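J.: Got a predicted structure plus its sequence, pasted below:
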Amino acid sequence: MTNLPRLLRSATIIALAGLLFPLMLRAQAPKPMSLPQTLRASQWKKRVLLVAAPNAQQADFRQQQALLATQQAALAERDFLVLPVLYEQLSAADTQFLTREIGIKPPAFAAVLIGKDGGVKERSGRPMKPENLFGTVDKMPMRRQEMRK
């Protein structure tokens, strides 16, 4: 009987630790970057293909993902970051950024090519065929310079 208080204390500590540990992990997890932050971090390093849609089940979104799925080597060779943007998951600030700075009008599907310099190079309301996307990129002066190296 003398061990009962000690056992209760230990059980209470274990129970509290089980409740608090997930909260501590969440508090330490980094906050995801905003859309402008992501694009700034990619500037001069990556070409970005924004693939925007209301949700992941949208037909054009799925088609664009399928078209790109077999092109991983070509995307990597051209320093691409394919960035899926689902309107249902965006903050109000990111939605406003898409509309004002990128020229996307939710809830419509959009595929937008952003160059390494951060400028919009091409915009489409339909999925982009990889050969057209790569053709556009391969004509850019920066890409031509990369191919010579």
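T.: It's in. Residues are numbered from 1 along each chain as shown.
J.: helix or strand for residue 31, which one?
T.: Secondary structure from DSSP states H and E places residue 31 outside every helix and strand.
J.: For it, give its distance to residue 141.
T.: 36 Å (CB to CB, to the nearest Å). In short, each C-beta sits where N, CA and C put it, glycine included.
J.: again, but for residue 70
T.: As judged by CB to CB, residue 70 and residue 141 stand 28 Å apart.
J.: Residue 125 now?
T.: According to CB to CB, residue 125 and residue 141 sit 27 Å apart.
J.: Then residue 66?
T.: The spacing between residue 66 and residue 141, counted by CB to CB, is 31 Å.
J.: same thing with residue 110?
T.: 25 Å.
J.: More neighbours: which of residue 125 and residue 141?
T.: Shown here are residue 125 and residue 141; by other CB atoms under 10 Å, residue 125 has more neighbours (11 against 7).
J.: Report the contact partners of the more buried one.
T.: 108-110 (CB atoms under 8 Å, 6 or more residues apart in numbering).
J.: Out of those, grab the one that's most surrounded.
T.: Using other CB under 10 Å as the neighbour criterion, residue 110 leads the contacts of residue 125 with 22 neighbours.
J.: That residue and residue 58 touch, don't they?
T.: No - if you go by CB atoms under 8 Å, residue 110 and residue 58 don't touch, sitting 11.0 Å apart.
J.: Secondary structure class of residue 112, three-state.
T.: Under DSSP: H, G, I helix; E, B strand; the rest coil, residue 112 falls in the strand class.
J.: Quick one: residues contacting it.
T.: By CB under 8 Å, 6+ apart, the contact set of residue 112 is 49-50, 52, 102-104, 120, 122-124.
J.: What of residue 120?
T.: Residue 120 neighbours (CB under 8 Å, 6+ apart): 102-103, 112-114.
J.: Since that was my last question, I'll sign off now.
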